[in-house]
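In: A predicted structure for the sequence below; I have some questions about it.
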Amino acid sequence: MEKLIEELKQHLIEELNLEDITPADIDAEAPLFGDGLGLDSIDALEIILILEKNYGVRLANSAEAKPVFYSVKTLAEYVMQHRQ
Amino acid sequence: MRIVVGGVGLVTALGVGVAENLTAIRQGRSGIAAEPALLKTLHHLPVGELAMSNEALQTRLGLPEAATLSRTALLGMLAVQEALADARVPEGLRKGLVSATSVGGMDLTEHFFAEFLVNDRAGRLREVRMHDCAASTEAIARYNDIRGYRTTISTACSSAANAILAGERLIRHGVVDCCVVGGTDALSAFTLNGFKSLMILDAEPCRPFDESRQGLNLGEGAGYLVLMRAEDAAKCYCRVAGVANSNDAFHQTASSEEGEGAFLAMSEALRRAGVAPEAVDYINVHGTGTGNNDRSEGQALRRLFGAKMPPFSSTKGFTGHTLAAAGGVEAVLSAVAVHEGFIYPNLRFTTPIAGLELIPETTFRTDVEVRCVLSNSFGFGGNCSSVVFTKEEK
Amino acid sequence: MGCYIERVVCEREVTHDAKELIPDPAMRRRMSRVVKMGVMTAVECMGGVEHIDRLDTLVTATGWGCLADSERFLRTLIVEREQLLNPTPFIQSTFNTVGGQVALLRHNHCYNVTYVHRGHSFEDALLDARLRMLDGDGKEVLVGAFDEQTPSQHRIMGRMGLFRRVQDGEGAVFVKLTTTQRDGVVAELTTLDFPTEPLDETSCRARYATTDRTALVWNDYAEAGCYPTASAHAFARAVRMLSAEVPEVVVYHSYMGSTPTVIVVRWVGSLV
């Protein structure tokens, strides 16, 4: 789980082009959207791609996916449950 | 100076020409097919595609078979030809063209690029000569003998409405005597995949302003209007009473919850027209069918019109979203609405959006007097434009 | 009504760094090179991000648009066979991205339009701005042009044989215009024309020069190379040339032999 969390952080930094942010700066339990990392609806689409490309995990609808997108930890939990 | 619409031309999935389009709308027949027949794509998604190949379009236009023209240019050439024939512009007037497009020659570029990627010496160069937006405008002008000032506007899905704004002003300031304005966009794999990647394409035919809406369907087409001084016009559809542009300045793609840009554009267009909101008889809304657009536009409509909401509809259920052409296609329909006294139906509506309770027109109405129409077009980059047409007796 | 030039800034004259000019990291991280170049030049021209607030008109121009992002999306679409595409390059490929992003920096709701007509996109944008000023709608106006080169575009245009006589290029230029002849105004834009036929230097001077010390800037690609909105660089150079000795400059431009454009600027330096 820890390894997956670190991996996800790395993907987020690379794919979302987060400048001046290291994996250590991202609190795995802090919200990704709004106040936390300040991500928006376009980032949500990119995260869907990260999950699908790297873990074969499909999230159909971004509205249903809201709790999954809460933090890096919730993303990791979802990947653990659904990865192929 | 009174600027009027003296001629109109239209090409959409519903057919070639204003008459074919109106017949389809009157019959409630949608131009949205389950998947593209001509566009090369691996996706099975509903689109509003004109059932004519590029070769068929070239034959209809009397162009040589060997000509390499983008589909965007071909659609535009047809619609402008109709608009100019309709307007019968007097000899000696300096004609201009303000054309809008967002894909330009992307249909040809896509074909070229697939070969170029494999080998950078491959691909036919004539297929990329039409890549830039101006190429379609110049081809349309050449074909239709428009020799005055010509330019191209590209502000995503509000482009053609901004072309109307620019053309009206060019006549008022004497840069041209008469100006063909509107927009053209062909379907392309680029835009289909672009909107797919944004997850805002409905897998079913779109349902604008319905609670169950799941997104938009892409369409293709061209809509052009001939703007002229009232005294030069042989025929008069309506007066171009007010046009305004405003920026939502909220997000690159999403509209603000309260629809600030839409509200400002509509209010300003009405102010310029000297028309009170109560005097609007019909609104052709942007109404793409995405969750975000329809809610945001709906909020703006509620803010502006309150409980006295005029009849309104989105015609995108018929044509699909024709992107940069949408403002032109819908302005043509709006001009005809004023001239003929029409209100168009909004297809596939059953349940109003919760909290907004906005109910669009669902039948083709001819029993009303239409003296003032408002047409909305909103695009990426927060770009919001509204056009007001009013009755003008000739 | 006058059309006064307060400031002209080219991409290489941007002195502040991206974090200062584009304070929102979320906006910065999605920007391609040309969008960043355009937005930074625009903000530098305004003298800081907070000054965007006073704009009532924002008109941009580009011949090619955001080529790198268009190309990136198209390339992935072909290579990945239309599957799992990242939406960001598609969104950012839109021609009005720079104008939209400048407005978004300060949530400015003002008029915002983009011209994309090859070699006279910049002049079309200036005409739009000028007519808005004449209508009384534009008082504080920002007009800008931008274009970028990419390796594919360079290769394709090279194959077309377009660079035999000129070096290709890219760049961004923004100009702040105002209707008020106030302190800080450096020049006046007096004429903007779209001749239907090409002119030679003699006929151009005869038609547009109003003094015998008027200088001509003729199809000038020295600043940033040849690209559709290169005339914006020529225009910037013309403004810098103005002095008591050179009170007027005529900028003549015909991109790749297309219909020409003429911009005339006049010195108002004696005011300052």
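Out: It's in.
In: Chain B contacts on chain A?
Out: Counting by Cβ under 8 Å from any Cβ of the partner chain, chain A comes close to chain B at A:40-42, A:45, A:48, A:62. (Glycine included, C-beta is placed from N, CA and C.)
In: Buried among these? Make that a PyMOL selection.
Out: The following PyMOL line selects those of these that are buried, judged by 16 or more other Cβ atoms under 10 Å in any protein chain shown:
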select buried, chain A and resi 42+45+48
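In: As TSV, the residues of chain A next to chain B with distance to C:Val35 would be great.
Out: Converted to TSV, the residues of chain A next to chain B look like this (distance: Cβ to Cβ, whole Å):
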residue	distance to C:Val35
A:Asp40	17
A:Ser41	19
A:Ile42	14
A:Leu45	19
A:Ile48	24
A:Ser62	25
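In: In a helix, B:Ala265, correct?
Out: Yes - counting by DSSP: H, G, I helix; E, B strand; the rest coil, B:Ala265 is found in a helix.
In: what is the rounded mean pLDDT of stretch B:216-223?
Out: Mean pLDDT, stretch B:216-223: 98.
In: ugh, wrong one, stretch C:257-272
Out: Average pLDDT, stretch C:257-272: 84.
In: wait, isn't A:Val72 in contact with A:Ile5?
Out: Yes - shown here, A:Val72 and A:Ile5 form a contact pair, counting by Cβ atoms under 8 Å, at 5.7 Å.
In: Need the residues touching each of those two.
Out: A:Ala28 (Cβ atoms under 8 Å, 6 or more residues apart in numbering or on different chains).
In: neighbour-wise, which of these two wins?
Out: A:Val72 (24 against 20; other Cβ atoms under 10 Å in any protein chain shown).
In: With adjacent residues omitted, what lies nearest to that one?
Out: Sequence neighbours aside, A:Ala28 is the residue nearest to A:Val72 in space, at 4.4 Å (criterion: Cβ to Cβ, 6 or more residues apart in numbering or on different chains).
In: still on that earlier bit, would JSON lines of the residues of chain A next to chain B with pLDDT and secondary structure be doable?
Out: Shown next, in JSON lines, are those (pLDDT from 0 to 100; DSSP: H, G, I helix; E, B strand; the rest coil):
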{"residue": "A:Asp40", "pLDDT": "87", "secondary structure": "coil"}
{"residue": "A:Ser41", "pLDDT": "87", "secondary structure": "helix"}
{"residue": "A:Ile42", "pLDDT": "90", "secondary structure": "helix"}
{"residue": "A:Leu45", "pLDDT": "91", "secondary structure": "helix"}
{"residue": "A:Ile48", "pLDDT": "91", "secondary structure": "helix"}
{"residue": "A:Ser62", "pLDDT": "61", "secondary structure": "coil"}
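In: what bits of chain A have low per-residue confidence?
Out: Applying pLDDT under 70 to chain A picks out residues A:60-64, A:84.
In: Backbone dihedrals for the closest residue to chain C within chain A, both of them.
Out: Nearest to chain C, among the residues of chain A, is A:Asn17, at 4.2 Å (Cβ to the nearest Cβ). Backbone torsions of A:Asn17, given as degrees, to the nearest 10, read phi 60, psi 50.
In: How about it: what's its closest non-neighbour residue?
Out: The shortest distance from A:Asn17 to any non-neighbouring residue, by Cβ to Cβ, 6+ apart, is to C:Arg29 (4.2 Å).
In: looking at chain B, which helix or strand does the model trust least?
Out: helix B:106-118 (a mean of 95; mean pLDDT, DSSP states H and E).
In: Summarise which helices and strands that one is packed against.
Out: Other elements packing on helix B:106-118 under the criterion 3 or more Cβ pairs under 8 Å, 6 or more residues apart in numbering or on different chains; DSSP states H and E are helix B:71-87, helix B:189-197, helix C:67-79.
In: And for it, what's in contact with it?
Out: By Cβ under 8 Å, 6+ apart, helix B:106-118 touches B:68, B:70-72, B:122-124, B:127-128, B:130-131, B:186-191, C:71, C:74-75, C:78-79, C:152, C:156.
In: in which helix or strand would I find the residue nearest to A:Val72?
Out: Assigned by DSSP states H and E, A:Ala28 falls within no helix or strand.
In: residues near the residue of chain A closest to chain C, how many?
Out: Look at A:Asn17: counted by other Cβ under 10 Å, it has 15 neighbours.
In: In this structure it contacts C:Arg30, no?
Out: Yes - with contact defined as Cβ under 8 Å, A:Asn17 and C:Arg30 form a contacting pair (7.0 Å).
In: check contacts around the closest residue to chain A within the stretch 1-150 of chain C.
Out: Distances between the stretch 1-150 of chain C and chain A by Cβ to the nearest Cβ are smallest at C:Arg29, namely 4.2 Å. Each residue near C:Arg29 by Cβ under 8 Å, 6+ apart is listed here: A:16-19.
In: ok, which stretches of chain C are helices?
Out: Ranges of helices within chain C are C:18-21, C:25-28, C:33-46, C:67-79, C:87-92, C:97-105, C:121-134, C:151-159, C:201-208, C:231-241, based on DSSP state H.
In: for these, which one sits closest to C:Val141?
Out: Nearest of the helices of chain C to C:Val141, taken as Cβ to Cβ: helix C:121-134 at 4.8 Å.
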